[in-house]
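Undergrad: what follows is a protein structure lacking sequence information:
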């Protein structure tokens, strides 16, 4: 009889790459596992690549509503489903996870982000309160993960929570199968691409400024932003001017396969995140996706990231928040197509050899076996 496995989130988009595309779909490929993903988006239920997606109503009142009413609705949905294992994907559901444990349901918590460090840079928290709130959240989350088997998306998260129960690092390495199937011709005009959340902290204004600088010098190139654009970036003059001029296009929130396909049409990628506390200790997933797509790219000079790209010789590292330096790096890749193609090939080889999702999924399956035992 198939294992009844439930994944649950009141925060993430139902097509989240880690939650759905990697974890749920990977388990759904196994006939011995029956996977249902529970999300709180109020959209119609569906089946996606063997995964049943069941929606509960989207809770009101923002983060507070997700942690209270959203958790209550998720509790009711999961109790009706009667799963044999529940995998929760956001800290708002930690109280729910503890409640499920108390009635005998095995639970796993997936730490996508280091919440205490993430709070230090979040705009929704007033700056004077960030350290205070981070200090309050840290011991609460630490106490929860001491009881709940925990999956860490980054090595640094495991370092910050060394007492987590059955702590297992499952990195966001790329899915080589779907990425290998993408075959798209490059665009006629040299195109720079970025795939991910479009925010100031992730270098949106720096990237726009760099491309604008090169165009002002007479270089013909376009810029594609594939991902959800934050409200503050969308309202900014540089963003609106670039879109109006026609050399920058944006997609809004799109599925992983669509984003990968768009990036495959580009000539190079960018990953110019700022060195915030939550970024410097984490791999940026887009780096490995660019490598799998054979894309040369420019990336922020953050030690953890530099170690990867220096080993593969697949990217240029430059100082974050430096549009002039970024413009020079883009121009170098533009002007050296043969060297850029070789960078892309080297990146692809390294991903195949040492950075694929297969090895990480094996660790997740091993954790499930321990929890169920």
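TA: That came in fine, so what should we check first? Remember, predicted model here, so these are calculated numbers, not experimental data. Numbering: from 1, shown residues only.
Undergrad: how close does residue 255 get to residue 26?
TA: Distance of residue 255 to residue 26, computed by C-beta to C-beta, to the nearest Å: 17 Å. Using the backbone N, CA and C atoms, a C-beta is placed for each residue, glycine as well.
Undergrad: between these two, tell me which one has more neighbours.
TA: residue 26 (20 against 16; other C-beta atoms under 10 Å).
Undergrad: hmm, residue 362 and that one touching each other?
TA: No: at 10.0 Å, residue 26 does not count as touching residue 362 under the criterion of C-beta atoms under 8 Å.
Undergrad: between the two, what contacts are shared?
TA: Counting by C-beta atoms under 8 Å, 6 or more residues apart in numbering, residue 26 and residue 362 have no shared contacts at all.
Undergrad: so residue 94 touches residue 141, yeah?
TA: Yes: Residue 94 is within contact range of residue 141, at 7.1 Å (criterion: C-beta under 8 Å).
Undergrad: OK, contacts around residue 351?
TA: Per C-beta under 8 Å, 6+ apart, neighbours of residue 351: 173, 174, 176, 288, 291, 292.
Undergrad: output the lowest mean pLDDT helix or strand found in this structure.
TA: Every helix and strand of the chain was ranked by mean pLDDT, DSSP states H and E. The lowest is helix 62-65, at a mean of 73.
Undergrad: which element follows it toward the C-terminus?
TA: helix 71-81 (DSSP states H and E).
Undergrad: could you give the number of residues near residue 62?
TA: Around residue 62 there are 9 residues (other C-beta under 10 Å).
Undergrad: where exactly do the strands run in the stretch 201-350 of the chain?
TA: 222-226, 248-250, 268-271, 297-300, 315-318 (DSSP state E, counting those that start in this stretch).
Undergrad: next structured bit after the helix or strand containing residue 138?
TA: Using DSSP H and E, residue 138 maps to helix 130-147. Sequence order places strand 150-152 as the next helix or strand after helix 130-147, per DSSP H and E.
Undergrad: if we look at whatever helix or strand comes next after that next one, which residues are touching it?
TA: Under the assignment DSSP H and E, the closest C-terminal helix or strand after strand 150-152 is helix 155-160. Here helix 155-160 makes contact (C-beta under 8 Å, 6+ apart) with 111, 114, 116, 117, 152, 164, 167, 169, 171, 281, 282.
Undergrad: okay, buried residues for helix 155-160 please.
TA: 156, 157, 158, 160 (16 or more other C-beta atoms under 10 Å).
Undergrad: return the member of those nearest to residue 271.
TA: Nearest to residue 271 among those: residue 156, at 17.4 Å, using C-beta to C-beta.
Undergrad: isn't residue 253 right up against residue 13?
TA: Yes: under the criterion of C-beta under 8 Å, residue 253 makes contact with residue 13 at 6.6 Å.
Undergrad: roughly how far out does the helix holding residue 138 sit from the chain middle?
TA: 22 Å (C-alpha atoms, centre = their mean, to the nearest Å).
Undergrad: quick check: the closest residue to residue 249 other than its chain neighbours vs residue 263, distance?
TA: Excluding its sequence neighbours, the residue lying closest to residue 249 (C-beta to C-beta, 6 or more residues apart in numbering) is residue 224, at 5.5 Å. Shown here: residue 224 relative to residue 263, a distance of 8 Å by C-beta to C-beta.
Undergrad: hey, what's in contact with both of those two?
TA: Common neighbours of residue 224 and residue 263 (C-beta under 8 Å, 6+ apart) are residue 193.
Undergrad: before we move on, the earlier item: who wins for proximity to residue 127 among the strands of the stretch 201-350 of the chain?
TA: Nearest of the strands of the stretch 201-350 of the chain (C-beta to C-beta): strand 297-300, 22.9 Å.
Undergrad: show me what that closest one is packed against.
TA: The contact analysis (3 or more C-beta pairs under 8 Å, 6 or more residues apart in numbering; DSSP states H and E) places strand 297-300 against strand 268-271, helix 285-292, helix 303-312, strand 315-318, helix 323-335.
Undergrad: where are the low-confidence patches of the stretch 51-200 of the chain?
TA: 61 (pLDDT under 70).
Undergrad: related to what we said a few turns ago, residue 224 and residue 263: which is more packed in?
TA: Ranked by neighbour count (other C-beta under 10 Å), residue 224 and residue 263 place residue 263 first, with 26 against 21.
Undergrad: got a list of what the more buried one touches?
TA: Residue 263 makes contact with 193, 195, 224, 226, 269, 289, 290, 293, 295 under the criterion C-beta under 8 Å, 6+ apart.
Undergrad: test my guess that residue 346 contacts residue 314.
TA: Yes: with contact defined as C-beta under 8 Å, residue 346 counts as touching residue 314 (5.0 Å).
Undergrad: show me which of those two is the more surrounded one.
TA: Ranked by neighbour count (other C-beta under 10 Å), residue 346 and residue 314 place residue 314 first, with 27 against 19.
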